[in-house]
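J.: Next one to model:
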Amino acid sequence: MPDPVLELRGVIKEFGDAVVTRVLHGIDLRVMPGEFAALIGPSGSGKSTLLNLVGLLDRPTSGEVRVQGERTDALADDERTALRARCLGFVFQFHHLIGALSVVENVMMALASDQPRLTREMRQRSAEALAAVGLGDRVDADPRRLSGGQQQRVAIARALVRRPPLVLADEPTGNLDTKTSDEIFTLMRKVNAEQGIAFLIVTHDLRIASRCDRVVELVDGRIVYDGPPTGEAG
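T.: Okay, here's the model as predicted:
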């Protein structure tokens with residue numbers, strides 16, 4: 001059996017000094033290569049805290065977070081940054097594109113940590129990522145002139161350009177209408193199937209979650225369901 005791309009072992013997260021609030025209570029979670037999973041739960045359940053830990057933007061109070069088998073919670077900040085860039089892609093509710101850059105330049109920025117000077121090879125890789133999301137003819141476009149769905153496609157290309165084993169998507173369809181949401185979801189499923197990239201999607205949309213292969217439900221900092229979208233979750 002292959003190793004998980006992501007593994008949490010007994011993860012606890014607390015905030016505060018004089019008054020300590022425990023937000024996550026001993027989370028155990030594994031995401032395997034090529035999985036397509038949804039993380040759901042009510043507001044205040046700990047989803048954002050968990051995503052920050054998984055995305056190596058924060059550290060657990062105790063427990064282990066492993067990415068591609070490497071324990072991350074004890075790594076130095078620069079080592080965590082390098083691992084994040086190498087192994088994780090991010091898609092957010094808002095695309096966060098830079099209006100002063102072209103579409104392809106926005107995607108190229110994801111490669112800039114390796115090589116501060118933008119190169120022809122980086123442009124080629126970025127153009128290929130854009131072609132994979134159906135924007136091969138818009139590489140030099142102004143992102144401000146794209147539709148909301150097209151802008152989110154650029155954001156997905158940016159997440160994919162480094163070919164990470166895992167993409168973390170935080171409400172990726174939350175700012176889109178129903179038709180465009182369906183298009184973006186279908187695109188992510190296509191990338192998952194064709195490239196074998198695992199996805200962990202945080203969503204409040206149970207319609208989206210029901211179309212994933214696996215649903216993980218978080219309530220009050222604890223996983224209360226982890227399995228297929230059979231209607232038991234949520």
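J.: Spell out the residue ranges of the helices in the protein.
T.: Here the chain has its helices, by DSSP state H, at 47-54, 77-87, 103-108, 120-132, 148-160, 178-195, 206-209.
J.: Ok, which of these comes nearest residue 69?
T.: Nearest of these to residue 69, taken as CB to CB: helix 77-87 at 10.2 Å. For glycine as for every other residue, the C-beta is placed from the backbone atoms N, C-alpha and C.
J.: That closest one: which residues count as buried?
T.: Within helix 77-87, the residues scored as buried using 16 or more other CB atoms under 10 Å are 80, 83, 84, 85, 87.
J.: Same question for stretch 211-224.
T.: Buried residues in stretch 211-224 (16+ other CB under 10 Å): 212, 214, 215, 216, 217, 218, 221, 223.
J.: Skipping its backbone neighbours, what lies nearest the fifth one in space?
T.: Same thing as residue 217. residue 225 (4.0 Å; CB to CB, 6 or more residues apart in numbering).
J.: For the residue most central in space within the chain, list the residues it contacts.
T.: Closest to where the C-alpha atoms of the chain average out (CA atoms, centre = their mean) is residue 168, at 1.1 Å. Going by CB atoms under 8 Å, 6 or more residues apart in numbering, residue 168 touches 51, 54, 55, 88, 89, 90, 91, 200, 202.
J.: Apply 10 Å and report the result again.
T.: Residues in contact with residue 168 (CB atoms under 10 Å, 6 or more residues apart in numbering) are 6, 31, 39, 51-52, 54-55, 88-92, 159, 198-202.
J.: which residues of the protein score low on pLDDT?
T.: Within the chain, the ranges that satisfy pLDDT under 70 run 94, 113-116, 231-234.
J.: Next, the buried residues of stretch 187-196.
T.: For stretch 187-196, using 16+ other CB under 10 Å, the buried residues are 187, 188, 191, 192.
J.: Same list (the residues you listed) but as a markdown table, adding distance to residue 140.
T.: Converted to a markdown table, those look like this (distance: CB to CB, whole Å):
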| residue | distance to residue 140 |
| --- | --- |
| 187 | 21 |
| 188 | 25 |
| 191 | 23 |
| 192 | 28 |
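J.: out of these, who's nearest residue 174?
T.: For those, the nearest to residue 174 is residue 188 (13.7 Å; CB to CB).
J.: Tell me the spacing between that closest one and residue 209.
T.: To residue 209, residue 188 is 13 Å away according to CB to CB, to the nearest Å.
J.: Between these two, which contacts overlap?
T.: With CB under 10 Å, 6+ apart, residue 188 and residue 209 have common neighbours residue 201.
J.: sorry, back to before: so how far is residue 203 from the residue nearest to residue 217?
T.: 15 Å.
J.: Between those two, point out the one with more neighbours.
T.: Comparing residue 225 with residue 203 by other CB atoms under 10 Å, the one with more neighbours is residue 203, at 24 against 16.
J.: In contact with the more buried one, which residues?
T.: Residue 203 sits in contact with 38-41, 47, 93, 169-174, 181, 185, 209, 212, 215, where contact means CB under 10 Å, 6+ apart.
J.: Isn't residue 53 up against residue 13?
T.: Yes: shown here, residue 53 and residue 13 form a contact pair, counting by CB atoms under 10 Å, at 6.5 Å.
J.: Identify the contacts common to these two.
T.: 24, 27, 46, 59, 60, 61, 63.
J.: of all these, which two lie farthest apart?
T.: Pairwise across those, and taking CB to CB, the largest span is found between 46 and 59, at 15.3 Å.
J.: more crowded one of the two?
T.: A count of neighbours by other CB under 10 Å puts residue 46 above the other of residue 46 and residue 59, at 23 against 16.
J.: I'd like to know how far the nearest residue to the more buried one once chain neighbours are set aside sits from residue 13.
T.: Once flanking residues are discounted, residue 46 sits nearest to residue 221: 4.3 Å by CB to CB, 6+ apart. Computed as CB to CB, the residue 221 to residue 13 distance reads 8 Å.
J.: That concludes my questions; thank you for your assistance.
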